Structure formats: C-alpha cells, structure tokens
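Student: Pasting a predicted model and its sequence here:
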Amino acid sequence: MITLRLFRPHAPSSPVHRARRARAMRRASALVATTVAAWGSAAGAQAVTTRAAAAASSKAAFHAARVLDPATGTVMANGVILVDHDTIVRVASLTAAAVPKEYGAMVELGDVTVLPGLIDVHTHLTSSQASYYDGLFRRSVLDAAVRAPGNAKRTLEAGFTTVRDVGAGDYLDVALRNAINAGDLPGPRMFVATTVLSATGGHGDLNGFSPYLRIEGMGGPVDGIEPIRKRVRTNVKYGADVIKVTAGAGVLSEEESVGAPQYTQAELDALVDEARMWGRKVAAHAHGGEAIKRAIRAGVASVEHAGLIDDEGVALAKQHGTYLVPDVYTDVYIIEQGPAMGLPEKILDKERQLRKSQEQNWGKARAAGVKFAFGTDAGVYPHGDNAKQFRYLVEVGFPPLMTIQMATVNAADLLGNAKVGRLTPGAYADFIAVKGDPVADVKTLEAPLVVVKGGVMVKGAAGDTKPKR
C-alpha cells in the first residue's frame, strides 16, 4: 500500500492523527510568522511607513475631477473626500479655500474618477494558480503560507480593498487576516470562512484517485446533522467570519456531475440554523438547480456560481432575498488555460457544459429582480486580475453600472457591513481612482491609478500629488 501524506482536510479520527495535526499546525504557524517577518523587510516596511505617516497627520483631504456614487450612478464634479484617520468625514464639491485648515494641503488626484474601494466576495487568497497535479499533490500548507502575502498585496493594489475569502486549509486565512489587520502585511480587509464544509465524495473531497491515498490536515468532508453542527462551531471557534458549504457538485473536482446536490435538505437546514445561532451568514457553492434550491430554502445568504439556476430557483432567490454570485472570468480562464494546466478532459467538459446556459439563467434572475454580488473565485486564475471579471459580466448581459454596484454597495450589503463599499460619512476611507468613466468603459477598473485603504495611499506615489494651497 502506498500512503501519500498531504496537508489537506481530514476529520479527527485518533489521538495520533490529532497529534500529527497539532505538529503540522505549529509548523504552519511558524512559517506564517517567518513569512510575515520576511515581508517586514520589504512590503511590510512600506506598511510600517504608511502607518507612521497616517499617525503623524490624522486628517487629509483628497480632490478628484469626479466622484462616482455607485448606488445612484451620479457623478460629483470637483469632489473632495475629507478623511480623519481611517474614516470618511465628508464628501462634497469644495474649493481648496473651503477645506478646513486642519486637513492640510489637499492631495490632488487629478483628472480621474474616484469610486469606493472594490469588494470581491469570492476569493481564495491562500490558494494560487498551479497545474492540476501540483495543486493536489505537490504543494502543502507551507507553500500556501509563503504565497498568500503576495496574493493579498496584488489584490489590494488591483483596487479590491475588501474581500470575502471563502475557504482555506489549516486556518491560513485567519492568520493572513489577522496579520493584515495588525498592519504587519499589506492586503484587503478580509472576511474569512476557514475550512469548507463538503460531503464525502463531493466537491472539496479528493475524487478519482486510489482509495489508498491518505489525506491529513484540518477540516475535510463532514456528513450528518450533528457532525455538521460541530464543524460550524469549530470553524467559528477558530476565527470564521462566514460559513462556506459546497451544497452541490463543482467543476474543479472529479465527481460525476457538475450540478448534482450533495447535501440533504435536513443537513443544510441544520448547517444554516447553527451558523445563524453563532451570528454567521452562510455562502453556498452550487451550480445545479436542485442544490441551489435546497441552499436557498435553508436560508443561505448567497449562492456562489448559480449558473444552472432554474425558474423555481429564481423565484425562491427573489422571495428569500438571496444573493447570487456569478463568476464568469474563471470559466473563460479554465476553458482557455485548462489544457496547459493539465486539467482532465472530464473537468473541461463540465466547464463547457456550464457556459452553455449561464447567460440565459442569470438573465432570468436579473429580470426577476434577484440580487447579485461580485465574486471571482480568485486563486483559480492569478490574483490581481479580479477586475477582468467586469468586462465579462457586461458581455453576458449585466449593465455596466450594475456590475460596479455588485462590487460595492451590493457586496457590502451581503457582508452586512455598512463601512465598506460606499463613500459616505462614517465609512472607511477606502477608495480607488481610475482614468475616464468606469460606467462607460468598465475595463478602466482593471488599472486603478490610485488605491487608498483606511485613508492611506497604498498605490499611487504621494510625490505625484500637487498641493492645492
């Protein structure tokens, strides 16, 4: 018998296994600390510098030719954003002379359009693009820990100041979130799911390989009402902000279907009930119609992907106020790059099957008034390319302004956080500046000239600004 030991999710089974996992966790924690220290000499040093600058002058005024309010689509000319520490105080059309003196010389952003920092509600910052077998068998939690800080930095500099990270092994997402929040690493605000709940033999389990392969790690497949409830509690205990479940089959796994349900209604009902008791929302991965309907009936906050939603599912989503999170760029990327990545033909066939009906099904949901939020599945494609999704959403029928709303006010509503996704007093001073009009051309969102998070400019050199007085 060949035993292949990998750092991947598996439920507790014995004191020996628990001891092995504890040792693995200590090694992973040590590597995360080492990685943070290493970044302290490069990108981390930049974070320290920007924190010091912010502390030295807690108030700032930013001026731009245009400020876009995504909620209404209105544009303010000669907009000024007044910031105190990390919070917006006021947004108004002001002359330099009208800005209170305590805000100092105005930071001139120039002939740009400013809009709220973007939000991606479906990322995997601790995962990186890899060939199929490298991703499954040649990379461990240690590889993920090394790459995660770079993924976070690229995402932030791409204009995404907030993300919902929907699944990571060994609580690496918790460690990354905490390091960013402490100012040790540059990155977006993270709302994390920790380990994904998936059924034995389902999406998230290892399928299509020898039963003699042994997988070690934290999390892993979980079945039955009481084990599911316990896993929700465990995830919350170790830092989950949101709960993620694979309610149905998927693309990048070798189970038979792309859309079949993989949890019973009773299991999903128990999962959402437990999460609600602990004050957590649930995000459900589901492509297929029946899996989508079970997840919505259970009360999930969002259904990820949802490409095969049927008419009944559309009606349920509208009735329950459930968000759909369509990802298009990942589908295009998998079809185009999948052969070079070594993806099995079975997986590519599932992806092609999905693409045949997504546009029509999402169109029905859009016409019915179902809510949509912006999520990309970053990690399948290279991090930092998140904004490429805007153009593909427009290609499949989403109005340009709606796609921006999906990545700002809608995403903020899904997160339940009123301090992100908007430029209003009391919100975080998170915003980006792009050349031209992003509503007329969403591709401008792919190259933000300036990114500000918490009142600190993380992209766009301060030396390029011109004082207004």
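Tutor: Alright, I've got the coordinates.

Student: Quick check: closest non-adjacent residue to residue 164.
Tutor: Nearest residue to residue 164, sequence neighbours excluded (Cβ to Cβ, 6 or more residues apart in numbering): residue 121, at 4.2 Å. C-betas here are computed from N, CA, C, even on glycine.

Student: any residues touching whichever helix or strand the one you found is part of, and which ones?
Tutor: Taking DSSP states H and E as the criterion, residue 121 maps to strand 118-123. The list of residues contacting strand 118-123 from outside it, by Cβ atoms under 8 Å, 6 or more residues apart in numbering, reads 155, 159-166, 283, 302, 304, 325, 327, 373-379, 383, 386-387, 407-408, 411-412, 414-415, 420-421, 432, 445.

Student: Inside strands: which ones of the residues you listed?
Tutor: Among those, DSSP state E puts 160, 161, 162, 163, 164, 165, 283, 302, 304, 325, 432 in strands.

Student: Neighbours of residue 60, how many?
Tutor: As a burial measure, residue 60 scores 23 neighbours (other Cβ atoms under 10 Å).

Student: which SS class is it?
Tutor: Secondary structure for residue 60, judged by DSSP: H, G, I helix; E, B strand; the rest coil, is strand.

Student: Residue 104 is in contact with that one, correct?
Tutor: Yes: under the criterion of Cβ atoms under 8 Å, residue 60 makes contact with residue 104 at 6.9 Å.

Student: circling back: residue 411 versus the residue nearest to residue 164, what's the distance?
Tutor: Per Cβ to Cβ, to the nearest Å, residue 121 is found 5 Å from residue 411.

Student: From residue 103, how far out is residue 127?
Tutor: Separation of residue 127 from residue 103 (Cβ to Cβ) stands at 41 Å.

Student: so what's residue 254 scoring on pLDDT?
Tutor: pLDDT, residue 254: 81.

Student: repeat for the one 10 residues further on
Tutor: Taken from the predicted model, the pLDDT recorded for residue 264 is 98.

Student: tell me the contacts of the closest residue to it other than its chain neighbours?
Tutor: Leaving aside its chain neighbours, residue 264 sits nearest to residue 294 (7.8 Å; criterion: Cβ to Cβ, 6+ apart). Residues counted as contacts of residue 294 (Cβ under 8 Å, 6+ apart) are 247, 261, 263, 264, 265, 268.

Student: which sections of this protein are below the confidence cut-off?
Tutor: Along the chain, the model assigns pLDDT under 70 to residues 1-57, 132-133, 136-137, 210, 212-219, 461-469.

Student: what does the domain assignment say about it?
Tutor: Each domain of the chain is listed here as a residue range: 48-116+423-464, 119-415, per automatic domain parsing.

Student: Just give me the neighbour total for residue 359.
Tutor: 15.
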